[in-house]
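Participant: let's see this in three dimensions:
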Amino acid sequence: MNLFGLILNTHDLWLLGIAGGLATILIKYRLTNTREKIARLATASAKFNSEVLNILSGLYPLASNWPKNINELDVLLRSAFPNLQIAVEEFKHHLPWYKQIHFNRAWSRFRNAYGRKQDIQCYHHYMAFESNPDYKENFKHNIDNLLKYAKQT
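Facilitator: Numbers count the residues shown, from 1 in each chain. Have a look, this model is predicted:
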């Protein structure tokens, strides 16, 4: 048989048939796997988004219930930290490795403005000081950065 200028015998045609069949199976497997991965990411994103909104209700997206006292805010955020940490750890495993790096950086920036590893939680960048006039905007910006990885598809 002459195919595009190549002369193929029956042995070559059998090999081409087997290779084509295997390629078809591989493509079908990859497409199915990708579709399932996208579905798992969509489910995890919806769960992460709802958990963050439930944990930070009154503070995010609109700061309608922002504590007046600095100590109350610190206690509130420290009490919310364990649940947020669980939600973050469950969600980040659904992200590709290259997005996990940026997600971890956004999580670190939320809980600690300076990124020092010895500070597990430092929420001074969300407190009303004279040198920090836009503390609520910082809070909203950092939560937005976390939630942008959980966009609804």
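Participant: from here on, contacts and neighbour counts on C-alpha atoms
Facilitator: Noted.
Participant: which stretches of this structure form strands?
Facilitator: For the chain, the strands identified by DSSP state E occupy 2-3, 6-7, in order along the chain.
Participant: just put those strands in CSV and tack on mean pLDDT.
Facilitator: What follows is these, written out as CSV (pLDDT from 0 to 100):
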stretch, mean pLDDT
strand 2-3, 70
strand 6-7, 82
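Participant: list the contacts of stretch 23-41.
Facilitator: Where contact means CA atoms under 8 Å, 6 or more residues apart in numbering, the residues beyond stretch 23-41 that reach it are His94, Leu95.
Participant: give the buried residues for that stretch.
Facilitator: Leu41 (16 or more other CA atoms under 10 Å).
Participant: report how many residues lie close to Arg109.
Facilitator: Applying other CA atoms under 10 Å, we find 20 other residues in the vicinity of Arg109.
Participant: thought it was touching Asn142?
Facilitator: Yes: here Arg109 reaches Asn142: they are 7.0 Å apart, a contact under CA atoms under 8 Å.
Participant: intersection of neighbour lists for the two?
Facilitator: Common neighbours of Arg109 and Asn142, using CA under 8 Å, 6+ apart, do not exist here.
Participant: relative to Leu13, how far out is Ala19?
Facilitator: Between Ala19 and Leu13 the computed distance is 10 Å (CA to CA, to the nearest Å).
Participant: ugh, typo on my part, it should be Leu147
Facilitator: Distance check for Leu147 against Leu13: by CA to CA, it reads 53 Å.
Participant: same deal with Glu36?
Facilitator: Glu36 is 35 Å from Leu13, where distance means CA to CA.
Participant: what does Leu22 give?
Facilitator: Applying CA to CA, the value for Leu22 to Leu13 is 14 Å.
Participant: same question for Gly5.
Facilitator: The separation that Gly5 has from Leu13, given CA to CA, amounts to 14 Å.
Participant: quick one: which of those two has more around it?
Facilitator: Here Gly5 and Leu13 are compared on neighbour count by other CA under 10 Å; more neighbours surround Leu13, at 12 against 7.
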